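Novice: Sequence and predicted structure below; questions after.
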Amino acid sequence: MQKKIHAAPTLVYPESDGEPMAETPRHQQVMIDCMDILRSHFHGFADVYIGGNMMLYYEEGNPRKSISPDVFMVRGLSKKELRTYKTWEQPPTLDFVLEVASPSTYTRDFNEKMEIYAKILRVKEYCIYDPYHEIDPYFVGFRLVGEVYKEILFVNARIPFEVLGLELGEHEGVLRLYDPVKSAWLFTSQERVSDAEVRVAQESRARQEAESRAQHAEAELEKLRAALERLETTK
């Protein structure tokens, strides 16, 4: 009997690990906001890719060798749609990673993930942030020196990240990015729209008030003219 020749099984690299995007809506919002701000900031850079909550595979042929950074930035990669990140198809090293931590994840964030980021993905700068301040430290940044992460010192209550050219800090109780060149906080698309709407409303009110004052002044001037005419007729 002739043996049947079977095709080699196709390796599948899942697009999801089956876990929710984040533990809480606040954790999720931090991730969404940071990606939004970074994408806006690097909009004019053709080779800066911002991603997050994406399956990243770092060993070809072994789908178990994976990790899912909450937010990451990598240079040398065009802004194209990626469903998964494979280091043998994309740049093998990352420039920046943010993990939004909690009491249930911080042990992995500070140990297993840190090891992978330092020795395999060679992530140049790594940040861990807990929006509820339940872990200690709840906000910390690291810079890769050799194969070891060294803590980055705070400057003006913010952590400066060289690869971003930006600083991370809390602004009005939420994590935001700060541009030291412009000396200004960077905001989300929605915040910028809301701010623009507020400015338009303020300008509209200012115009209305100015028009009202002008009309009042014109009315007063008309009264003075009328009074002068009466004086002239009584002479």
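Specialist: Right, received. Where do you want to start? Numbering: from 1, shown residues only.

Novice: Please count neighbours and contacts with C-alpha atoms only from this point.
Specialist: Fine.

Novice: would I32 count as being in a helix?
Specialist: Yes: counting by DSSP: H, G, I helix; E, B strand; the rest coil, I32 falls inside a helix.

Novice: Tell me how many other residues surround it.
Specialist: 16 (other C-alpha atoms under 10 Å).

Novice: Same check on L11?
Specialist: Around L11 there are 10 residues (other C-alpha under 10 Å).

Novice: isn't there a helix covering it?
Specialist: No: secondary structure of L11 (three-state DSSP): coil, not part of a helix.

Novice: Tell me who's in contact with it.
Specialist: Counting by C-alpha atoms under 8 Å, 6 or more residues apart in numbering, L11 touches G61, P63.

Novice: residues in contact with the residue positioned nearest the centre of the chain?
Specialist: Central residue of the chain (C-alpha atoms, centre = their mean): C34, 1.5 Å from the mean position. Counting by C-alpha under 8 Å, 6+ apart, C34 touches V71, L175, R176, L177, T188.

Novice: I'd like these as CSV, with distance to Y117 appended.
Specialist: Output for the contacts of C34, formatted as CSV (distance: C-alpha to C-alpha, whole Å):
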residue, distance to Y117
V71, 13
L175, 22
R176, 23
L177, 22
T188, 27
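
Novice: out of these, which is most surrounded?
Specialist: L177 (25 neighbours).

Novice: where does it sit relative to F142, distance-wise?
Specialist: Here L177 is placed at a distance of 16 Å from F142 (C-alpha to C-alpha, to the nearest Å).

Novice: do A157 as well
Specialist: As for A157, its distance to F142 is 15 Å (criterion: C-alpha to C-alpha).

Novice: between these two, who's got more neighbours?
Specialist: Neighbour count, other C-alpha under 10 Å: between A157 and F142, F142 has more, with 21 against 11.

Novice: thought the more buried one was touching Y126?
Specialist: Yes: using C-alpha atoms under 8 Å, F142 is in contact with Y126, at 5.1 Å.

Novice: got a pLDDT number for the residue nearest to the centre of the chain?
Specialist: With respect to pLDDT, C34 scores 97.

Novice: Got the phi and psi for R225?
Specialist: phi -60, psi -40 (degrees, to the nearest 10).

Novice: Tell me which residues touch it, please.
Specialist: Contacts of R225 (C-alpha under 8 Å, 6+ apart): none.

Novice: pLDDT (mean, whole number) over stretch 141-160?
Specialist: 97.
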